[in-house]
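>>> below are the sequence and a predicted model; questions follow.
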Amino acid sequence: MSNIVKADKQYEIDYIDASGSSTFSRCPAMYFFERVLGLVNKDRDMTAPDYGTDFHVIAPLCYGAMSRDEEQQLFENAFSTFEKLRNKRTVPDTDKKHSLEHSEPRIRNFIELHAKNVCPYKIVKFPFTVPEGAEVISDNEIPFIIDIGGPLLFAGRIDFPAELKQTGELFAGDYKTTSEISGRLWECFELNAQAIGYTLGLSHISGKQVTGFLVEAIRKSVQVSKVECAIHYIYVTPYEVEFFIGYMNDLANEIMHYNDFKRWPKKLSGCSVYPTTGIPGGNCPYKLLCKAKDWRDVAPYYDQVKPFHPFRLGVNKDEQGDK
């Protein structure tokens, strides 16, 4: 068994994003299987990601109510849209956390907390060019690709640009559907590639100083009564941005090096979360490929899909890189 995954060819890699950088740092072979080839487990559970995607679609419909009647109107519209989206999904009857019954109070709560006189920020608009091939999932979303001075552009999707009503500070906003809202969750976004990268991305697009990253957390619980939404602000310093740019460009150089030589190293520290955290948890879905004498023999046991964030770069590379 080799410690290197040998590719059949060089691949076209144009950008790096927050998720991809984390995958590559964990294990270059994992990055190759997931982000370059687009291999996924045939029995992968998409319930949680699909729920998050559907909530992203309706979240923009929940802002600005000025009375109880308006809150009810917003709810009827948002819930009707959400119901149509969820009916297209396959959700087990035993999965209460992602059921429509449990979603109703969450959506009502989100609407109440984002009424015009309650929400601490307002969503602002900036002109931008949608990168070719980037699907806009919801209103207010900004998919972007920017030049950070390295061999790969940086790509991402800002859910909404938020301006604080009291201070006028600008934040890159992001919705998170999560089973936990705690200090432990907020700490995950300190020195975080998405938080820093999206702050930088919004600064490029808006041409303004961006203070940081705003997390809108919506809790999912098996108990209908446990409804919770919370906002947390991550303040990003210029030093963090400088670090981020150097870090991402170093990773990009590594990615291009491995791609040029068609050799992607395996890292034992990436096979599970235990080596890095000391706590049992998730395992790499590509262990079967890495344990095989030749990964190609096992690849048919996986589905192949478009890699995550399938942007296609054209004229937008220069247009957004110059902002």
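Now that the structure is in, tell me what you want to look at.
>>> which other residues reach stretch 23-34?
Outside of stretch 23-34, the residues that reach it under the criterion CB atoms under 8 Å, 6 or more residues apart in numbering are 5, 7, 16, 20, 35, 39-40, 251, 254-255, 258, 264-267, 269-271, 284, 286, 289-290, 295, 307-308. In short, each C-beta sits where N, CA and C put it, glycine included.
>>> ok, now stretch 295-307?
Residues beyond stretch 295-307 that count as contacts (CB under 8 Å, 6+ apart) turn out to be 5, 33-42, 288-289, 292.
>>> quick one: the strands in the stretch 1-150 of the chain?
4-6, 15-17, 39-41, 121-123, 142-146 (DSSP state E, counting those that start in this stretch).
>>> sorry, back to before: with respect to residue 203, which of the contacts of stretch 295-307 is nearest?
Checking the contacts of stretch 295-307 against residue 203 with CB to CB, the nearest one is residue 35 at 25.5 Å.
>>> counting neighbours, what do you get for that closest one?
Residues contacting residue 35 under the criterion other CB atoms under 10 Å number 22.
>>> before we move on, what about residue 285?
Residues lying near residue 285 (other CB under 10 Å) number 15.
>>> that one is in contact with residue 41, isn't it?
Yes: applying CB atoms under 8 Å, one finds residue 285 in contact with residue 41, separated by 5.1 Å.
>>> low-confidence stretches in the protein?
Applying pLDDT under 70 to the predicted model, the residue ranges of the chain that meet it are 307-323.
>>> just the buried residues of the contacts of stretch 23-34.
5, 7, 16, 20, 35, 39-40, 251, 254-255, 258, 264, 266-267, 270-271, 284, 286, 289-290, 295, 307 (16 or more other CB atoms under 10 Å).
>>> what about these, which are in helices?
In this view, those that belong to helices under DSSP state H are 20, 251, 254, 255, 258, 289, 290, 295.
>>> will you turn the strands of the stretch 1-150 of the chain into CSV that also has distance to residue 90?
Written out in CSV, the entries for those read as follows (distance: least, CB to CB, whole Å):
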stretch, distance to residue 90
strand 4-6, 33
strand 15-17, 28
strand 39-41, 16
strand 121-123, 32
strand 142-146, 27
